[in-house]
Each structure stands twice: as structure tokens, then as C-alpha cells.
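**Student:** Predicted coordinates and the sequence they were generated for:
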Amino acid sequence: MLKFTKVFLFVFCCLGIGGLSLSAKADEVPLTIESNVILDVGKMEVTSDYAPTSSDNIDISLNPTPVSRIKEWLNKHFKAKGQGEDKVKFVITNASIVEEYIPPKGLSLSSAYKYNANFSVRASITNASGKEVKSFISKVWGTKTIPDSSTIEERTDTLAEMADTLIASLAEQISGGVQSTFKSYIDKNILN
């Protein structure tokens, strides 16, 4: 009897666990920055309204620029199903990194450069008549201070690392926004 009970419990547990995973809905699986998602819309647009506003904007000197990296991530991870007249639009509204010189203070003879980064994307879905039906905004920002004595290579590496970190945070926010705000438009979540 004991042997039968162990076998029965083992089979029951396996079936129970298997049944649980089979019944999980795709929208219950959290989107990550690596998820690829097909949205049930006719068209997808990824654009940028961002334009550097001063000579202190050093984001345009990075190669690739934050704008191009954000566009690339959005185009890689989100696709339109291609049916219907609804449209999803991702608009990069800010991708700035601004440089600010910090002169020596007090007894300090060291100056520095402060870099303020702000990245934001507005996502929206419009219906056939052009009326917005869903939208959200994702924003991230960060600051790094680099000693004036740093080499160009050290500055470039630090700025690239800061951009990487902020773009990953932005991607995480966008993934969460799509999952919560565009939930009814997620056709497939293809996990990698």
C-alpha cells in the first residue's frame, strides 16, 4: 500500500505541476527587456521628436547615439501583427546627455564635468479614426561626475556605461508599460 501511495502522489504531483504550467496565460508571463512581443495592431511606428537644444548636448557625439539605440531596441522587441487599422506609436521625446563644467571650489584645485542624462519615450495606440485609446510615458534619468583629469577614453567609456544602464532601465519600464497598458493588444509574447 505504501508503494502505491508514493507512486500515486508522484504521478499526481507531476500532473498537477504540468497542468498548472499549461494553463498559465501568456499575459501572466512578465515581459522582460529580452521579450519579443507581437502587438495586435495594423501598424507600428518608431519616431523621435527629440532634438538637441544646445552645444552642451554631448549625446550626439556618442556612436551610436542614444536615439538610435532606443529605436533599435524598440524595433527589435516589438512588432505589429499587420492586421486591422489600430496603430502603435513609440515616440522618443528625450535622449539628452548634457555636459556641465564644475569649476574647482574652496581649497580644491580639481575641476570636473557633470553629465545629466534624461531619456523618455511616449507610447500610444490609436484607432482607425486616429483617436488615442491607450498611452503611457516611460522616463529615466541619471547623473555622473567625471574628474577633469580623466582621459577622453575614460570619459567616453563612462558615458557609454551610463547610457547602457539608462537604456536598460528605460527598456524595462517600456516592457512593463506595454504589459500593463497595452495588455489587451498583446497578440504573442515570444520568450527568448
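**Tutor:** Sure, I can see it. Given the structure is predicted, the values throughout are model-derived calculations rather than measurements.
**Student:** Residue 55 and residue 99, how far apart?
**Tutor:** Applying Cβ to Cβ, to the nearest Å, the value for residue 55 to residue 99 is 9 Å. To be clear about C-beta, it is placed using only N, CA and C from the backbone, and glycine gets the same treatment.
**Student:** Pick out whichever of the two has more residues nearby.
**Tutor:** Neighbours around residue 55 and residue 99, counted as other Cβ atoms under 10 Å, are more numerous at residue 99. The numbers are 18 against 7.
**Student:** Which strand residues bridge that one?
**Tutor:** residue 115 (DSSP bridges).
**Student:** Let me know the pLDDT of it.
**Tutor:** For residue 99, the model assigns a pLDDT of 92.
**Student:** what does residue 110 give?
**Tutor:** 87.
**Student:** Neighbours of it, how many?
**Tutor:** Count around residue 110 with other Cβ under 10 Å applied: 11.
**Student:** Let me see the contact set for the residue nearest the centre of the chain.
**Tutor:** Nearest to the mean C-alpha position of the chain, by Cα atoms, centre = their mean, lies residue 171 at 1.0 Å. Residues in contact with residue 171 (Cβ atoms under 8 Å, 6 or more residues apart in numbering) are 33, 73, 77.
**Student:** Check residue 139 too.
**Tutor:** Taking Cβ under 8 Å, 6+ apart as the test, what residue 139 contacts is 94, 118, 119, 120, 170, 173.
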